[in-house]
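Participant: Fold the following and give me the result.
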Amino acid sequence: MQEPADKTNYYTEPVEIEIYLKKAGTVKTIIKSLYIELIEENPKPAFAKKLFAHFKSMDEPIDIIEAQNYFPEIILPFSNSYYQFETLYEKLSMHFQSAIGGSNDSWRQSLYLTELLMKYEPTIASLETLGDFHTYNLNYIIRKLNVLNQTVPLEDATVAYLIKRERKAKAERNEKPDPEYEKLVELWEYNLKEKIIY
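Facilitator: Modelled structure (predicted):
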């Protein structure tokens with residue numbers, strides 16, 4: 001597929017392709033880049049729109065611990081839905097602050113923690129009050145790492161999630177599927193199945 005002129009708004013997933021060289025009787029492996037567009041998350045709950053707008057205006061990820069200082073009304077919903085993971089959210093907040101201060105390693109740690117915490121969504125808090133702030137953060141961190149020329153691999157489940165979001169967005173925009181993109185996705189999915197050990 002064609003390389004985007006500006007790759008900031010894309011996650012790049014390497015896809016291995018095996019080519020059989022008939023004359024040599026050998027198999028050669030090449031790597032192609034699958035560029036997955038990062039689709040903006042539009043929050044549905046009324047409060048979430050305010051929450052997202054606040055952090056967008058500061059050009060920062062949504063730090064749900066810090067957010068409680070600005071919006072005390074979310075303390076109870078947060079506590080009710082995330083009390084089991086409060087330590088992880090505090091750790092994520094710490095990494096966000098460190099990353100904003102200039103630590104590339106903290107952006108990477110923020111990404112891993114975001115992927116981990118996404119596994120426990122949706123919650124009542126995210127559905128009714130906070131919105132899908134993890135997807136907002138995922139996109140934000142990937143864009144930030146792109147700007148910093150930092151390559152960080154995502155979990156397969158996260159890559160599949162981004163592909164699903166892009167396909168849905170393209171369908172809503174009535175865009176014709178890109179055959180080359182779809183072929184690379186198909187190869188990526190095939191490689192994923194091959195990795196699974198039964």
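Participant: Could you check which helix or strand contains the closest residue to Thr26 other than its chain neighbours?
Facilitator: Distance criterion Cβ to Cβ, 6 or more residues apart in numbering; nearest residue to Thr26, sequence neighbours excluded, is Tyr20 at 7.9 Å. No exception for glycine: its C-beta is placed from N, CA and C like everyone else's. Secondary structure from DSSP states H and E places Tyr20 in strand 10-21.
Participant: try Val27
Facilitator: For Val27, the host element (DSSP H and E) is strand 26-37.
Participant: any idea which helix or strand comes after that strand?
Facilitator: Next in sequence after strand 26-37, counting helices and strands by DSSP H and E, comes helix 46-57.
Participant: Check which helices and strands that following helix sits against.
Facilitator: Contacts defined by 3 or more Cβ pairs under 8 Å, 6 or more residues apart in numbering; DSSP states H and E place helix 46-57 against helix 64-70, helix 133-147.
Participant: Pull the distance from the strand holding Tyr20 to the chain's centre.
Facilitator: 20 Å (Cα atoms, centre = their mean, to the nearest Å).
Participant: buried stuff in it?
Facilitator: Tyr10, Tyr11, Glu13, Val15 (16 or more other Cβ atoms under 10 Å).
Participant: same thing with stretch 30-47?
Facilitator: Within stretch 30-47, judged by 16+ other Cβ under 10 Å, the buried ones are Leu34, Tyr35, Ile36, Glu37, Leu38, Ile39, Glu41, Pro43, Pro45, Phe47.
Participant: Can you tell me which of the residues you listed comes closest to Ile75?
Facilitator: Among those, Phe47 lies closest to Ile75 (Cβ to Cβ), at 12.8 Å.
Participant: ok, and the closest non-adjacent residue to the closest one?
Facilitator: Nearest one to Phe47, counting by Cβ to Cβ, 6+ apart, is Thr129 at 5.3 Å.
Participant: who are the neighbours in contact with the one you found?
Facilitator: Pro45, Phe47, Ala48, Ile74, Pro77 (Cβ atoms under 8 Å, 6 or more residues apart in numbering).
Participant: in which helix or strand would I find the residue located most distally from the centre of the chain?
Facilitator: Going by Cα atoms, centre = their mean, the residue of the chain most distant from its centre is Lys23, 42.4 Å out. Assigned by DSSP H and E, Lys23 falls within no helix or strand.
Participant: that older thread, can I get the helices and strands packed on helix 46-57 in CSV including distance to Val27 and mean neighbour count?
Facilitator: Listed next are these as CSV, based on distance: least, Cβ to Cβ, whole Å; neighbours: other Cβ atoms under 10 Å:
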stretch, distance to Val27, mean neighbour count
helix 64-70, 48, 16
helix 133-147, 32, 21
